[in-house]
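Enquirer: Only the shape, not the letters, is given here:
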């Protein structure tokens with residue numbers, strides 16, 4: 001039977017939660033202290049109707065912080081006008097330049113403001129743990145760092161040989177399955193095994209990266225047993241339900257499915273539009289590195305030297321470290337540096 005464990009790593013600037021499946025990271029949930037609470041999943045807010053597109057039957061809502069949220073115009077909202085205030089709930093967070101999706105709750109009076117924050121990270125992790133113990137401490141931090149590294153990867157080895165590649169586009173998530181060198185056995189058997197394992201691994205990795213929407217898996221080989229692969233996919237993606245929908249294996253050897261989008265993807269939080277850690281992610285790592293050095297050497301003085309963007313992202317949280325660990329930590333921006341370094345003084 002598959003076993004899940006749950007970990008929570010509070011650190012300067014952010015808190016990270018990790019779920020492992022049989023010892024491997026399955027989910028990484030990141031809550032950064034600077035994230036606007038009004039844009040978070042489950043938040044209830046008063047929003048102002050900034051614009052209406054009758055042709056698309058949607059309204060754009062000003063939440064007081066960018067980007068605008070999008071609201072589907074239900075029949076009872078046909079009479080609303082620009083400038084009206086509505087009470088809404090955030091049902092899907094903003095991602096990749098697209099605004100959050102909101103659900104209408106009722107009329108309201110301005111100004112735009114947060115009424116009730118969504119579940120915090122501890123509550124979100126608790127909804128997955130369902131009474132199971134949540135572990136903290138060094139093990140949680142190590143697993144969170146490991147999960148982050150895996151989120152930023154594109155190619156992954158399969159335990160039976162071969163590999164899969166996961167890449168995102170504006171339209172969909174594309175997954176390619178490669179059998180690799182398979183000594184012994186037939187090509188068809190090797191492809192069948194690789195596809196079964198790849199589907200299970202893809203489900204884990206998509207949850208870890210927080211990716212959803214349309215997913216297309218380019219299966220290895222040809223002449224697939226569509227029924228068996230579809231059954232494998234339904235089992236592998238069961239933790240993502242409700243809302244997961246599958247198409248049949250196509251004559252082109254692809255399996256298509258859709259996964260509901262609710263939270264901002266961990267991949268986007270860590271890397272933005274790129275594939276490497278962004279300045280904010282590196283700033284959080286810098287703060288943890290300073291904290292680790294200071295806790296290891298209780299009397300030592302340490303300085304972090306960082307690229308300007310990283311230093312600027314880390315600076316607002318330095319006071320938190322200084323309050324806890326004393327005025328023996330410092331931060332310096334260096335224009336000719338691309339990353340960061342922590343050194344003793």
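Expert: Arrived safely, thanks for sending. Just so it is clear, the model here is predicted, and its values are computed rather than measured.
Enquirer: residue ranges for the strands of the stretch 51-200 of the chain, please.
Expert: Taking DSSP state E, counting those that start in this stretch as the test, the strands found in the stretch 51-200 of the chain are 58-62, 69-72, 85-92, 101-107, 113-116, 134-135, 155-157, 163-168, 173-178.
Enquirer: any chance of the ones you listed in TSV, plus mean pLDDT, mean neighbour count and distance to residue 283?
Expert: Where C-beta positions appear, they are placed from N, C-alpha and C, glycine not excepted. Conversion of the strands of the stretch 51-200 of the chain to TSV gives the following (pLDDT from 0 to 100; neighbours: other C-beta atoms under 10 Å; distance: least, C-beta to C-beta, whole Å):
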stretch	mean pLDDT	mean neighbour count	distance to residue 283
strand 58-62	96	21	29
strand 69-72	96	20	27
strand 85-92	97	20	26
strand 101-107	96	16	29
strand 113-116	97	14	25
strand 134-135	92	15	26
strand 155-157	95	13	27
strand 163-168	95	18	24
strand 173-178	96	20	28
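Enquirer: Residue 8 is nearest to which of those strands?
Expert: Closest of the strands of the stretch 51-200 of the chain to residue 8 is strand 134-135, at 5.3 Å (criterion: C-beta to C-beta).
Enquirer: quick one: that closest one to chain centroid distance?
Expert: Relative to its parent chain, strand 134-135 has a centroid offset of 20 Å by C-alpha atoms, centre = their mean, to the nearest Å.
Enquirer: any residues touching it, and which ones?
Expert: By C-beta atoms under 8 Å, 6 or more residues apart in numbering, the surrounding residues in contact with strand 134-135 are 5-8, 122, 125-126.
Enquirer: so what strands line up beside it?
Expert: Sheet pairing of strand 134-135 (DSSP bridges) gives strand 4-11 (parallel).
Enquirer: Quick check: buried residues in the strand it pairs with?
Expert: Neighbour-count burial for strand 4-11, counted by 16 or more other C-beta atoms under 10 Å, picks out 5-9, 11.
Enquirer: Let me see the mean pLDDT of that strand.
Expert: Summarised as a single mean, pLDDT over strand 4-11 is 94.
Enquirer: Strand partners (parallel or antiparallel) of the helix or strand that comes right after it?
Expert: Note on strand 4-11: by DSSP states H and E, the next helix or strand toward the C-terminus is strand 14-21. According to DSSP bridges, strand 14-21 forms sheet pairs with strand 4-11 (antiparallel), strand 24-32 (antiparallel).
Enquirer: Turn the ones you listed into a markdown table, columns for distance to residue 162.
Expert: Formatted as a markdown table, those follow (distance: least, C-beta to C-beta, whole Å):
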| stretch | distance to residue 162 |
| --- | --- |
| strand 4-11 | 26 |
| strand 24-32 | 17 |
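Enquirer: what residue is smack in the middle of the protein?
Expert: Centroid check for the chain by C-alpha atoms, centre = their mean gives residue 266 as the closest residue, at 2.0 Å.
Enquirer: Quick one: find the helix or strand in this protein with the lowest mean pLDDT.
Expert: helix 121-129 (a mean of 87; mean pLDDT, DSSP states H and E).
Enquirer: which residues sit against it?
Expert: 4, 6, 8, 15, 17, 19, 27, 29, 31, 119, 134.
Enquirer: Include distance to residue 50 when you put these into TSV, please.
Expert: Putting those into TSV (distance: C-beta to C-beta, whole Å) gives the following:
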residue	distance to residue 50
4	42
6	40
8	37
15	32
17	34
19	37
27	34
29	30
31	27
119	27
134	40
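Enquirer: if we take the residues you listed, which one ends up nearest to residue 288?
Expert: Of the contacts of helix 121-129, the one sitting nearest to residue 288 (C-beta to C-beta) turns out to be residue 15, at 11.7 Å.
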